[in-house]
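>>> the amino acid sequence is not available; the structure is as follows:
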């Protein structure tokens, strides 16, 4: 179970890091989507920083489970908010985007608790 946790956590971190990069790149399609959702362009940098911090914290959480669980909870909350934003904008065909990012973070959290504390015992 611990191996699954590691794999899913690395996947979630990579996805969030790439999403942060895309936000920072200022790609035209991202700016268009944010405009459709009613999200000001001035928020894009902060949203990218939050994603990047979540990605880094997930990786740190492999060694420090408290950090990992907080990061996974934060990412789940972030993308739950993104789902609400997409629904409020009535962009129904875009709901899958935040869901795809929410699921690995949620799975990471579930696997962290399922793996149990003995997986993190460094004393052997």
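The structure has been received and is ready for your questions. All values derive from a computational prediction rather than experimental measurement.
>>> please, which helix or strand holds the residue positioned nearest the centre of the chain?
Per C-alpha atoms, centre = their mean, the C-alpha nearest to the average position across the chain is that of residue 75, at 4.0 Å. Residue 75 is located in helix 65-88, with elements delineated by DSSP states H and E.
>>> tell me what that helix is packed against?
Judged by 3 or more C-beta pairs under 8 Å, 6 or more residues apart in numbering; DSSP states H and E, helix 65-88 is in contact with helix 2-25, helix 28-37, helix 44-60, helix 96-115. Just so you know, the C-beta spots here come from the backbone N, C-alpha and C atoms, and that holds for glycine as well.
>>> who's in contact with the closest residue to residue 19 other than its chain neighbours?
The shortest distance from residue 19 to any residue that is not its chain neighbour, by C-beta to C-beta, 6 or more residues apart in numbering, is 5.0 Å, and that residue is residue 51. Contact analysis of residue 51 by C-beta atoms under 8 Å, 6 or more residues apart in numbering lists 16, 17, 19, 20, 23, 75, 78.
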